[in-house]
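>>> Build the 3D model from these lines:
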Amino acid sequence: MAVEIERKFLVVSRAWKTVPGILYRQGYLNRDPARTVRVRLAGDAAFLTVKGISRGATRAEFEYPIPVQDAHALLALCEGPQVEKMRYRVEHQGTLWEVDEFAGDNTGLVVAEVELESEDQPFARPDWLGEEVTHDARYFNSSLVSRPFNTWG
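Numbering: from 1, shown residues only. All right, here's what the predicted structure looks like:
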């Protein structure tokens, strides 16, 4: 079974922004926390992803490349608005971070994610990381569809 172990943090400065980003557009065919089904356009590529319920920082994840034309058609079937963001892949002391700078109704939100081999794997923490939000469901991309960042007050 494919497993994702991921920790997520708020970003507190722009010191990470040293590399070009890729535009991501994604929507959700299902946002049930027990089984989310996401369609994603990432630059010139497209993916269908199924994720299981989070247990700590771990959950099942199955991701498959799909034709870009299919992704466009599936995005039209998705619940609610799409999530748009620029993703930047930033290396820090041998660890790859994915920094997402959100757009649209989520403008102002910037989070960094790191995928790990185990939940207790040590990693060097960049100076631009802020509070950890791994367990805060508000920061799940699937949650940002129905409760965008700009409505949090």
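>>> For stretch 49-56, output the C-alpha coordinates as CSV.
Backbone C-alpha positions of stretch 49-56 (Å, rounded to 0.1, in the frame of the first residue of the first chain) are rendered in CSV as follows:
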residue,chain,number,x,y,z
THR,A,49,-5.1,11.0,-6.2
VAL,A,50,-7.0,9.0,-3.6
LYS,A,51,-6.0,9.7,0.1
GLY,A,52,-7.2,7.9,3.2
ILE,A,53,-7.9,9.2,6.6
SER,A,54,-4.9,10.8,8.4
ARG,A,55,-3.5,9.0,11.4
GLY,A,56,-1.0,11.3,12.9
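>>> Give the buried residues for it.
Buried residues in stretch 49-56, counted by 16 or more other CB atoms under 10 Å: T49, V50, K51, G52, S54. The way it works is simple: take the backbone N, C-alpha and C, and place the C-beta from them, glycine included.
>>> the strands in the chain, which residues?
3-11, 22-32, 35-42, 45-52, 58-65, 79-92, 95-102, 110-115, 129-132 (DSSP state E).
>>> what about the first one, distance to the chain center?
Put plainly, it is strand 3-11. 8 Å (CA atoms, centre = their mean, to the nearest Å).
>>> helices and strands around that strand, which ones?
strand 58-65, strand 110-115, strand 129-132 (3 or more CB pairs under 8 Å, 6 or more residues apart in numbering; DSSP states H and E).
>>> Please identify the deepest-packed of the ones you listed.
Comparing the helices and strands packed on strand 3-11 by mean neighbour count (mean count of other CB atoms under 10 Å), strand 110-115 ranks first with a mean of 20.
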